[in-house]
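Undergrad: Fold the following, please.
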Amino acid sequence: MRSRSAIPLVLASVIVVSACGAGSSPTPGAPGASPPVAADPSAVPGPTDPPRQGLDGRTFLSTKTDGRGLVAGSRVRLSFRDGTIGASAGCNSMGGAYAVDGGVLRAPQLATTEMACDPALMAQDQWLASLLDGAAVTLDGDTLTLAKDGVTLTLVDREVADPDRPLIGTRWVVDGLVSGGTVSSVPAGLEAALTFSDGQVAVEAGCNSGSGAATIADRTIAFGQIALTAMACPEPAMALEQAVVAALGPRVGYSIEADVLTLDAGGIGLTLRAAP
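TA: Next comes the predicted model:
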């Protein structure tokens, strides 16, 4: 059995970086260095303009860049919530307090994970961190643009660019098995999937298949007994089946973001991706 080793569901070690690199202008009010950012987002210097009200609570995905290309296969993701910004560009994740001051985005200090990635992606992280402090920001409906140093980054609201797939009618293929604080991959060459219909779920468990009742409520699913065929399969397939069935309990939390469905049965669960 080939499988990915269990991955702790914790972020990598975090460092704090300033968006101001060599040759950049210091933040006003603290000559020579960016001021520390207080835990309270309101401590970010500068008044808050109306665009911040339109940003908070939203996530945006990049759709175009002018003046600079992104690494092939990568995408910029920005999330705004309660006065903090989260960002990623294909390698590390970063975040910190933000404000919009006179139409300019201010995020003077960002905490970032510290994973080693392809050098081009790591350089892209550094560019994004610099862009997020001092970019001219424009929000027009679902389109966000950031412009700085001859580069314009265009992003679209995630719910428009990559909408949530419907729970019912989508074939959800299992790509992660959650147990405690770790997630492991599905063994190579095996596949398990769930397909929900009105009050029912069809289960492809990796070895056997079957169905059972599934009552969908607000962010929870109550699974009834799952009736499966009774074939004997090699151990990797049987282990996958046991993990899938164990996650289909009487009260399971669920969430969908874009093409990813997460099931949480209190310490055990599944991550699933919508089939094309």
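
Undergrad: where are the low-confidence patches of the stretch 51-200 of the chain?
TA: 51-53 (pLDDT under 70).

Undergrad: give me that answer again for 50
TA: 51 (pLDDT under 50).

Undergrad: Which stretches in it count as helices?
TA: 119-131, 158-161 (DSSP state H, counting those that start in this stretch).

Undergrad: which one of these is the most hemmed in?
TA: Most buried of the helices of the stretch 51-200 of the chain, by mean neighbour count (mean count of other CB atoms under 10 Å): helix 119-131, with a mean of 19. No exception for glycine: its C-beta is placed from N, CA and C like everyone else's.

Undergrad: how far is it from where the chain is centred?
TA: Centroid displacement of helix 119-131 relative to its chain, using CA atoms, centre = their mean, to the nearest Å, is 18 Å.

Undergrad: That one - contacts with which helices or strands?
TA: strand 93-97, strand 109-113, strand 143-148 (3 or more CB pairs under 8 Å, 6 or more residues apart in numbering; DSSP states H and E).

Undergrad: the domain parsing of this protein - what is it?
TA: Domain assignment for the chain by automatic domain parsing gives 11-161, 171-274.

Undergrad: Tell me, how many residues neighbour the residue nearest to residue 67 when sequence neighbours are not counted?
TA: Spatial nearest neighbour of residue 67, chain neighbours left out: residue 151 (3.9 Å); criterion: CB to CB, 6 or more residues apart in numbering. Using other CB atoms under 10 Å, residue 151 has 15 neighbouring residues.

Undergrad: List the contacts of residue 151.
TA: 65, 66, 67, 68, 131 (CB atoms under 8 Å, 6 or more residues apart in numbering).

Undergrad: quick one: the first one and residue 148 touch, right?
TA: Same thing as residue 65. No: between residue 65 and residue 148 there is no contact under CB atoms under 8 Å: 11.8 Å.

Undergrad: Mutual contacts of these two, please.
TA: With CB under 8 Å, 6+ apart, residue 65 and residue 148 have no common neighbours.

Undergrad: Residue 203 is in what secondary structure piece?
TA: strand 200-204 (DSSP states H and E).

Undergrad: returning to that earlier point: in the sheet, which residues pair with the residue nearest to residue 67? Tell me.
TA: Under DSSP bridges, the beta-bridge partners of residue 151 are residue 148.
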